[in-house]
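**Student:** sequence and predicted structure, then a few things I'm wondering about:
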Amino acid sequence: MPSFRLIPREERFFDLFVQDAANVLDGARQLEAMLRSYESSEKAAKKIRETEHRGDEISHDIGRRLESTFVTPFDREEIHALIAGLDDILDLIEEVADTFILYRIQAPTKTAVKQASLIVQACETIHQALSNLRGFKGLDPYIVEIHRLENEGDRLSRSAIAGLFDDGTKTIDVLKWKDVYALLEDTIDKCEDVADMIERIVVKHA
């Protein structure tokens with residue numbers, strides 16, 4: 001006999017997860033575009049801050065729905081963790097952009113641009129995963145890809161930081177770029193954390 005629910009789950013949450021991930025992806029693409037052209041960088045950073053504020057609004061909307069929804073698509077704690085993880089990615093993207101401005105960096109390095117590109121790829125994959133979360137099946141390829149991107153980002157960051165001490169870079173610039181590379185790597189790491197959350201949700205509810 002087919003199962004049925006007396007109270008249907010609030011399926012709208014899945015759409016909101018996708019909307020939130022799309023906004024995070026938008027911020028990631030803005031960061032990559034900022035570093036690739038590096039023209040009007042302050043204006044670009046301001047736009048990223050606006051995207052971060054939009055992410056906060058989406059998170060608040062999800063929070064309000066959680067308070068008024070009796071049956072959620074999966075555990076409330078998991079929903080909170082997922083949304084907090086997406087917020088963290090966007091917060092770090094905003095921090096990266098602001099750091100380039102605050103540190104008065106004249107031009108991004110090729111490594112920084114590559115790291116930004118990896119963040120975009122990871123956010124694209126998260127968006128694809130959440131777009132297919134309904135049903136809790138077939139998400140393994142997305143999880144594997146995000147882990148691959150994180151490993152690539154980790155190698156890139158270690159190599160770049162080691163290189164700072166090999167090419168006679170001024171001490172102040174070494175400190176600046178260590179911070180920038182670390183922030184970019186932290187952002188990729190946070191994408192992996194979100195992928196791990198998605199994996200746990202799938203394993204539990206599939």
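**Tutor:** Received the coordinates, thanks. Numbers count the residues shown, from 1 in each chain.

**Student:** going by C-alpha atoms from here, please, whenever you check contacts or count neighbours.
**Tutor:** Noted.

**Student:** so who does the residue lying closest to residue 78 once chain neighbours are set aside touch?
**Tutor:** Excluding the flanking residues, the one nearest residue 78 by C-alpha to C-alpha, 6 or more residues apart in numbering is residue 201, at 7.2 Å. When contacts are counted by C-alpha atoms under 8 Å, 6 or more residues apart in numbering, residue 201 touches 74, 78, 136.

**Student:** next one: residue 14
**Tutor:** 130-131, 133-134.

**Student:** the residues you listed into a markdown table, with extra columns for secondary structure?
**Tutor:** Conversion of these to a markdown table gives the following (DSSP: H, G, I helix; E, B strand; the rest coil):
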| residue | secondary structure |
| --- | --- |
| 130 | helix |
| 131 | helix |
| 133 | coil |
| 134 | coil |
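
**Student:** narrow those to those that are buried.
**Tutor:** Neighbour counting with 16 or more other C-alpha atoms under 10 Å marks 130-131, 133 as buried within the contacts of residue 14.

**Student:** could you measure from the residue nearest to residue 78 over to residue 17?
**Tutor:** Distance of residue 201 to residue 17, computed by C-alpha to C-alpha, to the nearest Å: 13 Å.

**Student:** now do residue 143
**Tutor:** Residue 143 is 16 Å from residue 17, by C-alpha to C-alpha.

**Student:** stretch 162-177 - what's its average pLDDT?
**Tutor:** Stretch 162-177 shows a mean pLDDT of 84.

**Student:** any idea how far apart the tips of that stretch sit?
**Tutor:** 11 Å.

**Student:** pLDDT score for the residue nearest to residue 11 when sequence neighbours are not counted?
**Tutor:** Closest residue to residue 11 apart from its sequence neighbours, by C-alpha to C-alpha, 6+ apart: residue 73 at 6.5 Å. Looking at residue 73, its pLDDT reads 86.
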